[in-house]
Every structure is written in C-alpha cells, then in structure tokens.
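**Q** quick one, what's the 3D model for this:
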Amino acid sequence: MRWESVSGTSLIRLLFLVLEEVGQVVGARQTIHWNSTNPTLRRGDYAVQVNINDYLDVFCPHYPDSVPETQTESFALYLVSFEGYQGCFETPGAVKRWECNRPHAPFGPVRFSEKIQLYTPFSLGFEFRQGQDYYYISLPLEDSPTASPCLRLRLSVCCETTAGSQVEVPAGTTAPQSGVSSLLQSPETLLALSLLSACVSLLLPLPLRD
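**A** All right, here's what the predicted structure looks like:
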C-alpha cells in the first residue's frame with residue numbers, strides 16, 4: 001500500500017471554509033473614546049446595544065507630549081451594579097476592568113477590549129447574558145492629577161432568549177459572571193473542535209491502493 005499526502009488545493013479549500021465559518025461568529029466592534037471631553041458619557045443615560053460576539057473597544061485619554069502631566073486624566077473603569085451606576089460610585093462586588101494611566105503612551109491611546117461572550121475559557125473573563133444590562137463607570141485614580149467628572153455607560157446585550165432556551169440569571173445580577181463550567185457547551189467551541197478534526201484528517205497521509 002502506498003501513501004500520498006493531501007494536495008495543496010485541498011488545504012486551500014479548507015482554509016477558505018475556516019475563514020468563512022470564523023467570519024460568521026466574529027461580531028461588530030463598538031468604539032468608545034473614554035474621556036471627559038466626550039459629552040455622551042457625561043449625560044448619564046448613554047447606552048450602547050451589542051450582540052453576543054461583539055466587542056466593546058475603549059480608548060483611554062491620550063495627550064501630546066507638550067501637555068503637562070498635571071493637565072491629563074487618569075482613572076479606573078469599573079463594572080458596577082445599577083445603584084453604583086446611578087450614583088457613580090464603587091459598589092460592593094464591583095469589578096475593576098481597566099486603568100487608564102498612560103496619557104502619554106508612545107504609540108497613541110491605550111485601547112482595552114471587552115468581548116461580549118456567553119462563555120469564556122479564562123478564569124478572569126466574563127460571561128454576558130442576552131437581554132441583560134451591564135453598567136460601566138470611571139473613577140479617578142488616587143494619584144490622578146485632575147478630578148474627572150462622572151463618566152457612565154450602560155451596555156445592553158441583545159436579545160433576550162426565548163422561553164425554551166432561557167438562561168437563568170440570579171435575581172439582581174447586574175455584572176457579568178465569570179467561570180468556565182459551561183465552556184464545552186459553547187457553539188464556538190464545538191465549531192472549533194469540528195474544524196480541528198477536519199484539519200487533522202486532511203493532514204494525515206491518504207492510503208492508495210496498488
């Protein structure tokens with residue numbers, strides 16, 4: 001019995017299939033420039049609607065080198081309860097997501113990204129639920145040279161699941177939950193495993209009859 005490797009044409013076809021499937025689960029990106037000059041964040045009612053697999057991109061304040069440190073902003077962003085969102089304060093159980101503390105970063109504004117996902121493979125990641133609202137606020141760092149006004153954002157995850165597939169969320173839950181207990185149930189994980197299996201089968205040499 002002779003063996004023959006998979007042709008390059010087959011691998012190219014597989015690559016296009018992978019790219020097509022990945023494109024179906026990659027979401028949109030919502031961009032927020034988080035600084036006190038952004039009037040939408042100061043209104044107190046600014047909301048952004050996202051879908052599962054979308055990204056929330058937060059850009060920190062950035063200044064030219066000519067602006068002295070004493071005239072820059074630095075703060076921490078938190079996920080808080082609705083009460084903390086209304087009053088703009090850190091509530092028990094609030095989660096610090098990021099710190100904007102590099103106003104003169106050499107390559108432009110620092111960007112943080114939050115993936116809106118049902119499941120996460122990381123212990124420090126967050127799992128969002130469809131039909132739920134999540135609340136972000138920023139508070140000045142202790143060594144911040146300037147006092148920043150209250151900046152707030154409500155993130156609404158679309159859309160509420162049907163009665164047959166409703167995900168139970170504890171009453172009063174307003175912040176994303178972390179964990180990996182249901183990772184293997186993720187559609188993205190199952191898709192990745194299927195694609196991996198296909199790749200392995202194509203990379204193995206194929207037997208040819210004499």
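**Q** now the helices for this structure?
**A** Using DSSP state H, the helices assigned to the chain run over residues 8-25, 39-42, 82-87, 187-203.
**Q** buried stuff in stretch 32-44?
**A** Buried residues in stretch 32-44, counting neighbours by 16 or more other Cβ atoms under 10 Å, are found at 32, 34-36, 41. For the C-beta atoms, the positions are set from N, CA and C on the backbone; glycine is no exception.
**Q** what's the most distant pair in those?
**A** The most widely separated members of the buried residues of stretch 32-44, counting by Cβ to Cβ, are I32 and S36 (13.2 Å).
**Q** could you check how many residues crowd around F89?
**A** Using other Cβ atoms under 10 Å, F89 is surrounded by 14 other residues.
**Q** so what's it up against?
**A** Counting by Cβ atoms under 8 Å, 6 or more residues apart in numbering, F89 makes contact with 80, 137, 139.
**Q** follow-up on the earlier one: where among the helices of the chain is the average confidence lowest?
**A** Lowest mean pLDDT of these: helix 8-25, a mean of 49.
**Q** skipping adjacent residues, who's closest to D57 in space?
**A** Residue nearest to D57 in three dimensions, not counting chain neighbours: T31, with 4.8 Å by Cβ to Cβ, 6 or more residues apart in numbering.
**Q** these two touch, right, the one you found and F59?
**A** Yes. If you go by Cβ atoms under 8 Å, T31 and F59 touch, sitting 6.9 Å apart.
**Q** higher neighbour count, the two?
**A** Neighbours were counted for T31 and for F59 using other Cβ under 10 Å; F59 has more, 17 against 11.
**Q** pLDDT score for that one?
**A** pLDDT, read off for F59, is 96.
**Q** shouldn't it be in contact with P109?
**A** Yes. With contact defined as Cβ under 8 Å, F59 reaches P109; the gap is 4.5 Å.
**Q** quick check: neighbours shared by the two?
**A** If you check F59 and P109 against Cβ under 8 Å, 6+ apart, the residues they both contact are H33.
**Q** point out where this structure drops to low pLDDT.
**A** 1-26, 123-124, 145-146, 160-210 (pLDDT under 70).
**Q** ok, now which ones touch L153?
**A** Residues near L153 by Cβ under 8 Å, 6+ apart: 32, 41, 46-48, 135-137.
**Q** swap that for C88, sorry
**A** Counting by Cβ under 8 Å, 6+ apart, C88 touches 137, 139, 150, 152.
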